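Novice: Need the 3D shape of this:
(chains A, B, C and D)
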Protein chains: 2
Amino acid sequence: MNAPTSIKEFFESGYRQFLPHVSIDCAIFGFHDNQLKVLLLKMKNVEGWCLPGGFIQWAEPANEAAQRILQERTGISQVFLQQYYTFGEPERNKEPNLKDLIDSLNIEPAEDNWLFRRTISIGYYALVEFSKVTPTVDLLSDECCWWDMHELPKLLFDHDLMIGQALQTLRMQLNFHPVGYNLLPEKFTMPELQKLYETILDRPLDRRNFQKKMLSLRILERMDERKSVGPHKSPYYYRFDKNKYDQALQAGILLGF
Amino acid sequence: MNAPTSIKEFFESGYRQFLPHVSIDCAIFGFHDNQLKVLLLKMKNVEGWCLPGGFIQWAEPANEAAQRILQERTGISQVFLQQYYTFGEPERNKEPNLKDLIDSLNIEPAEDNWLFRRTISIGYYALVEFSKVTPTVDLLSDECCWWDMHELPKLLFDHDLMIGQALQTLRMQLNFHPVGYNLLPEKFTMPELQKLYETILDRPLDRRNFQKKMLSLRILERMDERKSVGPHKSPYYYRFDKNKYDQALQAGILLGF
DNA sequence: TTTCTAATGTGTGTCAAGTACACAATAGAT
DNA sequence: ATCTATTGTGTACTTGACACACATTAGAAA
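Specialist: Okay, here's the model as predicted:
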């Protein structure tokens, strides 16, 4: 079974393919220009942006649906993706009313169309490598791009709450997941890794203690190459050592600050 | 709108009152006889037990539905209740087939009855004071009682997984929540509090370090009264000081081990 | 009454981790 | 050759976790 090919079909018979009343929304985080970014979609004919989302196919596990949605919007798979909260307020998808969108598209769904009824949304957050993502619009949107976490546009529904909770969860779990491994390119410098942590935690960290701590985890490998970044000493490149990381995980060693 | 009064009505028209395809299940934890307990229901005419659960009314927030379900099964409200995971496997409610139950009850729901279709369940866990609970059966069950976490009966559906994940979440969040405040009676001794932590974590803790740590949190108040428990020195009673606890929370002081 | 036992209240020392801070090395601009 | 901004590395201080010792005491047993 493939994704619906038109909005009309989606409205009229989407419920045959998808479980109604339950949706998935993904806060997809990336890191670029020393800023934490989140991938957003601009809905057609509606003023406001929203998280990439979708519905669960009848025979599809929720976690796989989330992977599929992420794959469809970014082109990548096999990334860090985690459920963090399920949003169950009755009015969460009532405002704004999608009928505005509908009217502009020349389709006339009934008042009780499955998409207008109450929908509970399972929130996932993902950590992806910025450069590997190819932002791709979906059926209902006409733009898909990264937004700086500090300068978010107007968001639809409860998606501002969703992003906030996702970030809060990410901060709490920062100590338990190899954040750098998922958000940074293969090779990176210690200042870059530190900047990532500082951005997520939104507070400065001591450069020397950070380096000491990260190296003590024994999951990084220093390369011979250095990065040239200006008229001063050049930092070494590092990369994650998957084997050592797995060992550290086994041993229960935690990551981060 | 009240709860359905008969199983027949529930099967036939429950979807008018409740959001279909989404349910709630609650792992309700109590502490008694130095053992961690969980409240379970014995389903009528089916071999096996399950967690207290239910559906969400059309206009009801999911969190309130969970509170309502907990209130209906225990008689108490305003307790610590937290969403911890949403279970979204397509086959999670297929086995055992409820038709066995149905047949024994002289009702004949159709094959595509709303209760037989795929249902995603939002998992909550609750911490309640054992002595205040009045276990109460629901429409589909004929027994409701506490089970020792170390001696669980045969569980239906994926409810063993649910309990396991709830306990795991409880352990992880032990440091951030006033577990004793919710699971113990108003006044308690330090050995009792320690036993609670040891039971949840399933490992022994050093008596002296435990006491030192708990007192350093400055959320307990020692009473003048002592508890007489045998031919040896009597332990003091303690109680939670709500004001001090709120202060500690403000200050970001964490609890537990 | 005395003695004994098992559990409780309190304290001390060690070690690891977190935190604050100092100084030498260096790549490129001037 | 000199200067500057940034990086690599090291040291002292403080805090908390953890291991362990000893005096106190309520009731049972003598």
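Novice: ranges for the helices of the stretch 1-150 of chain A?
Specialist: Assigned by DSSP state H, counting those that start in this stretch, the helices in the stretch 1-150 of chain A fall at A:7-17, A:62-74, A:99-103.
Novice: Quick one, which of the ones you listed gets closest to DNA strand C.
Specialist: Taking C-beta to the nearest atom of the strand, helix A:62-74 is the member of the helices of the stretch 1-150 of chain A nearest to DNA strand C, at 31.2 Å. Backbone N, C-alpha and C define where each C-beta goes, glycine included.
Novice: Please name the residues that touch the residue nearest to the spatial centre of chain A.
Specialist: For chain A, the residue sitting closest to the mean C-alpha position, by C-alpha atoms, centre = their mean, is residue A:28 at 1.0 Å. Applying C-beta atoms under 8 Å, 6 or more residues apart in numbering or on different chains, we find residue A:28 in contact with A:38-39, A:51-52, A:70, A:73-74, A:125-126, A:128, A:133.
Novice: buried stuff in the helix of greatest length in chain A?
Specialist: Assignment by DSSP state H gives helix A:159-173 as the longest helix of chain A. By neighbour count with 16 or more other C-beta atoms under 10 Å in any protein chain shown, helix A:159-173 contains the buried residues A:159, A:162-163, A:165-167, A:169-170.
Novice: Also stretch A:238-248?
Specialist: Result for stretch A:238-248 [16+ other C-beta under 10 Å]: buried residues A:238-240, A:245, A:248.
Novice: same thing with stretch A:123-140?
Specialist: Those would be A:123-130, A:133, A:135, A:137-138, A:140, for stretch A:123-140 by 16+ other C-beta under 10 Å.
Novice: which residue ranges form the strands in the stretch 101-250 of chain A?
Specialist: A:120-127, A:141-148, A:187-189, A:220-226, A:236-240 (DSSP state E, counting those that start in this stretch).
Novice: Indicate which one of these is closest to chain B.
Specialist: strand A:120-127 (5.2 Å; C-beta to the nearest C-beta).
Novice: measure whatever residue of chain A ends up closest to DNA strand D to DNA strand C for me?
Specialist: Nearest to DNA strand D, among the residues of chain A, is residue A:232, at 2.7 Å (C-beta to the nearest atom of the strand). Relative to DNA strand C, residue A:232 is positioned 4 Å away (C-beta to the nearest atom of the strand, to the nearest Å).
Novice: Could I get the phi/psi values of that residue?
Specialist: phi -170, psi -180 (degrees, to the nearest 10).
Novice: Can you give me the distance of it to residue A:238?
Specialist: 19 Å (C-beta to C-beta, to the nearest Å).
Novice: Chain A against DNA strand C: which residues are in contact?
Specialist: Counting by C-beta under 7 Å from any atom of the strand, the residues of chain A lying close to DNA strand C are A:206, A:208-209, A:212-213, A:216, A:226, A:228, A:230-234, A:257.
Novice: With just CA atoms, put the longest strand seen in chain A into CSV.
Specialist: Determined from DSSP state E, the single longest strand within chain A is strand A:18-32. Coordinates of each C-alpha in strand A:18-32 appear next as CSV, following Å, rounded to 0.1, in the frame of the first residue of the first chain:
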residue,chain,number,x,y,z
PHE,A,18,-4.6,4.7,8.1
LEU,A,19,-5.7,4.2,11.7
PRO,A,20,-7.9,7.2,12.4
HIS,A,21,-7.7,9.4,15.6
VAL,A,22,-4.0,8.7,16.1
SER,A,23,-1.2,10.6,14.4
ILE,A,24,2.6,10.9,14.7
ASP,A,25,4.6,14.1,14.8
CYS,A,26,8.4,14.2,14.6
ALA,A,27,10.6,16.9,16.0
ILE,A,28,13.7,16.4,13.8
PHE,A,29,16.8,18.2,15.2
GLY,A,30,19.9,19.1,13.2
PHE,A,31,23.0,21.2,14.0
HIS,A,32,24.4,23.8,11.6
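Novice: For residue A:17, give me its contacts.
Specialist: So residue A:17 contacts A:1, A:4, A:55, A:57-58 (C-beta under 8 Å, 6+ apart).
Novice: neighbour-wise, which of those leads?
Specialist: residue A:55 (23 neighbours; other C-beta atoms under 10 Å in any protein chain shown).
Novice: quick one: it and residue A:24 touch, right?
Specialist: Yes. The pair residue A:55 / residue A:24 is scored as a contact, 7.2 Å apart, by C-beta atoms under 8 Å.
Novice: Give the burial count for the residue nearest to residue A:41 when sequence neighbours are not counted, as a bare number.
Specialist: Here the nearest residue to residue A:41 in space, its sequence neighbours aside, is residue A:141; by C-beta to C-beta, 6 or more residues apart in numbering or on different chains that works out to 3.9 Å. By other C-beta under 10 Å, 18 other residues sit near residue A:141.
Novice: My guess is residue A:141 contacts residue A:42. True?
Specialist: Yes. Assessed by C-beta under 8 Å, residue A:141 is found in contact with residue A:42 at 5.7 Å.
Novice: which of the helices of the stretch 1-150 of chain A sits most buried?
Specialist: helix A:62-74 (a mean of 20; mean count of other C-beta atoms under 10 Å in any protein chain shown).
Novice: what about that one, average pLDDT?
Specialist: The average pLDDT within helix A:62-74 is 98.
Novice: try stretch A:232-240
Specialist: Across stretch A:232-240, the average pLDDT comes to 97.
Novice: what does it contact?
Specialist: A:178, A:180-181, A:186-191, A:193, A:219-223, A:225-229.
Novice: residues in contact with the closest residue to residue A:196 other than its chain neighbours?
Specialist: Leaving aside its chain neighbours, residue A:196 sits nearest to residue A:31 (5.5 Å; criterion: C-beta to C-beta, 6+ apart). Residue A:31 sits next to A:37, A:130, A:183-184, A:196, A:199 when contact means C-beta under 8 Å, 6+ apart.
Novice: can you check residue A:195 too?
Specialist: So residue A:195 contacts residue A:34 (C-beta under 8 Å, 6+ apart).
Novice: Only C-alpha atoms, please: export the longest helix of chain A in CSV.
Specialist: What follows is helix A:159-173, C-alpha atoms only, in CSV (Å, rounded to 0.1, in the frame of the first residue of the first chain):
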residue,chain,number,x,y,z
HIS,A,159,3.3,22.1,17.8
ASP,A,160,5.1,24.8,19.8
LEU,A,161,4.4,22.7,22.9
MET,A,162,5.6,19.6,21.1
ILE,A,163,8.9,21.2,20.1
GLY,A,164,9.4,22.5,23.7
GLN,A,165,8.8,19.1,25.2
ALA,A,166,11.0,17.5,22.7
LEU,A,167,13.9,19.8,23.5
GLN,A,168,13.3,19.3,27.2
THR,A,169,13.4,15.6,26.8
LEU,A,170,16.6,15.8,24.7
ARG,A,171,18.2,17.8,27.4
MET,A,172,17.3,15.3,30.0
GLN,A,173,18.5,12.4,27.9
